[in-house]
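K.L.:
quick one: sequence plus predicted model below, questions after.
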Protein chains: 2
Amino acid sequence: MLSYTEENYLKALFQLTKENDRKKEAGTNELAAHLGLKPATVNDMLKKLKEKKLINYEKYGKITLTKTGMKAGVEVLRKHRLWETFLFEKLEFSWDEVHQVAEQLEHIQSQKLIDSLDKFLNYPEFDPHGDVIPNSKGEIKYSYNTTLSDIEPGNICKMVAVKDNSAPFLQYVIEVGLGINNEIKVVSKNPYDEMLKIEVNGKTSNVSRKFADNIYIICSNCMKGKSCKLNCR
Amino acid sequence: MLSYTEENYLKALFQLTKENDRKKEAGTNELAAHLGLKPATVNDMLKKLKEKKLINYEKYGKITLTKTGMKAGVEVLRKHRLWETFLFEKLEFSWDEVHQVAEQLEHIQSQKLIDSLDKFLNYPEFDPHGDVIPNSKGEIKYSYNTTLSDIEPGNICKMVAVKDNSAPFLQYVIEVGLGINNEIKVVSKNPYDEMLKIEVNGKTSNVSRKFADNIYIICSNCMKGKSCKLNCR
DNA sequence: TAAGAAAGTTAGACTAACCTAACAAATAAA
DNA sequence: TTTATTTGTTAGGTTAGTCTAACTTTCTTA
């Protein structure tokens, strides 16, 4: 049985090394930053997780998940996203409120609970942020690779998910008038600081590079089911 | 903010000192037994809870909850019973499965969550075990005082709740054919060991004193809305 | 009312997760 | 290729919550 804390490490590692366009291994500092902990703390836990055969790791080396570790990590992610969907759809939580509570709910231990919840929600494929919910086998059907930053001015795309789930970011997204499945027209890009002028439902906004990096999109080709150079998903 | 552990202590104290027919104060050993911990462990925590002004307690004295402590304790109980109701009604959990999972869910921190859940369940008054769910102000409308042991042979009564929520006990209850709101006829009582012969839906069973002590009932007078000598609720 | 039993307390130890400060290795830049 | 920067590790310390073993107080009962 994994502790609450161990589960968090495995989920974080899964997100850092497996999801979407991420690279395939992680480092101590990176993981510490993701978890909001100090590298020294993380280092201790890495030894423990290695001992338990949940990660592959050598001193001064990079971290990857073992098969067991990956299974555990993806399961926590599945729970997280199912709970987010529950909160959003059944309990009238807003987009930016679900994450914080799901962080707690994802650690409830009961296979029956998560199976029943999945059924109750009618086996949803996406959570309220557009992220793919792993199925009961831990499989993830889609992955996102392209962000708003990758789109050249003059083109249209569609937002499919957000990379950052923090409340401040999500509130910013709402302010711009954006939501899942909304079309975005990239009007222009400032060559100096990469600010983008975008248009959403007739509303024009200027957004930063950092903002654009956190919006997953599919390009106009993908929207029409045509072949895609950007490898959106 | 209270820790998971502190919440458990306060809930236990509430149940031991406030609920139903319980006495008005608790002891260290009693509390330790209820929580499945050693008295020494509980003793440490008592000092901490006193420091935080959640309990009234002097060395070698009895324990009672302060107003703040009681509020916190009853809130945990409310969450527990709302989650039990959710699991039972929406996720098809059985009577004897809900408790273990609700023990975990009761510690999720989110006022909005519990308010929304209450609304989603349409403000239920009773949990699947017949126990009263405290309302959002922490008020408990009913309390149970009479158990099956209090009924004299020849009389009829109605089960309203169970005192013990453990799975083994509940499975035993099911075996006897009992459930909330079922009528029970006490056929006879063995004067030697106080075994009761009871009849439920035409089925006759012999049950122990210990069993009977854990079934809350209302007497035939209460069933008819007449005045009641036993002070059933 | 005095002894034994029950209830409660203290001291000392352990574990899981965290930290800071100092150090070591690996990588990037000059 | 040497130095500076970044990344990672180690040592030592803290806190919360648990334990066992030994002790003290209070209660019960003969």
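P.N.:
Sure thing, it's come through.
K.L.:
could you use CA atoms for every contact and neighbour count after this?
P.N.:
OK.
K.L.:
state the pLDDT value of the residue nearest the centre of chain A.
P.N.:
Centroid-nearest residue in chain A: A:K163, 4.9 Å away (criterion: Cα atoms, centre = their mean). For A:K163, the model assigns a pLDDT of 87.
K.L.:
got the contact list for it?
P.N.:
A:K163 makes contact with A:213-216 under the criterion Cα atoms under 8 Å, 6 or more residues apart in numbering or on different chains.
K.L.:
go with 10 Å
P.N.:
Going by Cα atoms under 10 Å, 6 or more residues apart in numbering or on different chains, A:K163 touches A:20, A:129-131, A:144, A:147, A:169, A:211-216.
K.L.:
what's near enough to touch the residue sitting furthest away from the middle of chain A?
P.N.:
Most distant from the centre of chain A: A:Y192, at 29.1 Å, with distances by Cα atoms, centre = their mean. For A:Y192, the contact set (Cα under 10 Å, 6+ apart) is empty.
K.L.:
which SS state does A:V160 fall under?
P.N.:
Following DSSP: H, G, I helix; E, B strand; the rest coil, we place A:V160 in the strand state.
K.L.:
in space, what's closest to A:K71 - neighbours in sequence excluded?
P.N.:
Among residues not flanking A:K71 along the chain, A:G138 sits closest, at 6.7 Å (Cα to Cα, 6 or more residues apart in numbering or on different chains).
K.L.:
give me the neighbour count for the one you found.
P.N.:
17 (other Cα atoms under 10 Å in any protein chain shown).
K.L.:
shouldn't it be within a strand?
P.N.:
No. Counting by three-state DSSP, one finds A:G138 to be coil, located in no strand.
K.L.:
picking that back up, which SS class is the residue farthest from the centre of chain A?
P.N.:
Looking at A:Y192 with three-state DSSP, the answer is coil.
K.L.:
now it: how far from DNA strand D?
P.N.:
23 Å (Cα to the nearest atom of the strand, to the nearest Å).
K.L.:
just A:T85 next, same as before
P.N.:
Distance from A:T85 to DNA strand D, by Cα to the nearest atom of the strand: 30 Å.
K.L.:
what's around that residue, how many residues?
P.N.:
With other Cα under 10 Å as criterion, A:T85 counts 27.
K.L.:
hang on, A:M195 packs against A:P153?
P.N.:
No. Taking Cα atoms under 10 Å as the definition, A:M195 is not a contact partner of A:P153, at 11.2 Å.
K.L.:
ok so, going back, the residue nearest to A:K71 and B:E51: what is the separation?
P.N.:
47 Å (Cα to Cα, to the nearest Å).
K.L.:
go on, A:D115?
P.N.:
43 Å.
K.L.:
same question, A:E152
P.N.:
For A:E152 relative to B:E51 (Cα to Cα), the value is 62 Å.
K.L.:
contact residues of chain A facing chain B?
P.N.:
A:87, A:90-93, A:97-98, A:100-105, A:107-110, A:112-120 (Cα under 10 Å from any Cα of the partner chain).
K.L.:
what's the helix-or-strand element of chain A with minimal mean pLDDT packed up against?
P.N.:
Least confident helix or strand, chain A: helix A:220-223 with a mean of 81, by mean pLDDT, DSSP states H and E. Judged by 3 or more Cα pairs under 10 Å, 6 or more residues apart in numbering or on different chains; DSSP states H and E, helix A:220-223 is in contact with strand A:156-162.
K.L.:
which residues of chain A score low on pLDDT?
P.N.:
Residues of chain A meeting the criterion pLDDT under 70: A:20-23.
K.L.:
flag every buried residue along the longest helix seen in it.
P.N.:
When chain A is parsed with DSSP state H, its longest helix is helix A:67-89. Across helix A:67-89, burial judged by 16 or more other Cα atoms under 10 Å in any protein chain shown covers A:69-88.
K.L.:
CA atoms of that helix as CSV?
P.N.:
Provided in CSV are the C-alpha atoms of helix A:67-89 (Å, rounded to 0.1, in the frame of the first residue of the first chain):
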residue,chain,number,x,y,z
LYS,A,67,6.0,-0.4,-14.9
THR,A,68,4.6,-0.8,-11.4
GLY,A,69,5.3,2.8,-10.6
MET,A,70,3.7,4.0,-13.8
LYS,A,71,0.6,2.0,-13.1
ALA,A,72,0.3,3.5,-9.7
GLY,A,73,0.9,7.0,-11.0
VAL,A,74,-1.6,6.8,-13.8
GLU,A,75,-4.2,5.4,-11.4
VAL,A,76,-3.9,8.5,-9.2
LEU,A,77,-4.2,10.7,-12.2
ARG,A,78,-7.3,8.8,-13.3
LYS,A,79,-8.9,9.3,-9.9
HIS,A,80,-8.0,13.0,-9.9
ARG,A,81,-9.7,13.6,-13.2
LEU,A,82,-12.7,11.5,-12.5
TRP,A,83,-13.2,13.5,-9.2
GLU,A,84,-12.8,16.7,-11.1
THR,A,85,-15.4,15.6,-13.5
PHE,A,86,-17.8,14.7,-10.7
LEU,A,87,-17.3,18.0,-9.0
PHE,A,88,-17.8,19.9,-12.2
GLU,A,89,-20.8,18.0,-13.5
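K.L.:
going along the chain, name the strands of chain A.
P.N.:
A:55-56, A:64-65, A:156-162, A:183-189, A:196-200, A:203-207, A:215-219 (DSSP state E).
K.L.:
figure out how far the second one is from the centre of its chain.
P.N.:
Read that as strand A:64-65. 18 Å (Cα atoms, centre = their mean, to the nearest Å).
K.L.:
please apply the same query to the fifth one.
P.N.:
Relative to its parent chain, strand A:196-200 has a centroid offset of 23 Å by Cα atoms, centre = their mean.
K.L.:
pull out the buried positions in the least confident helix or strand of chain A.
P.N.:
Applying 16+ other Cα under 10 Å to helix A:220-223 flags A:220, A:222 as buried.
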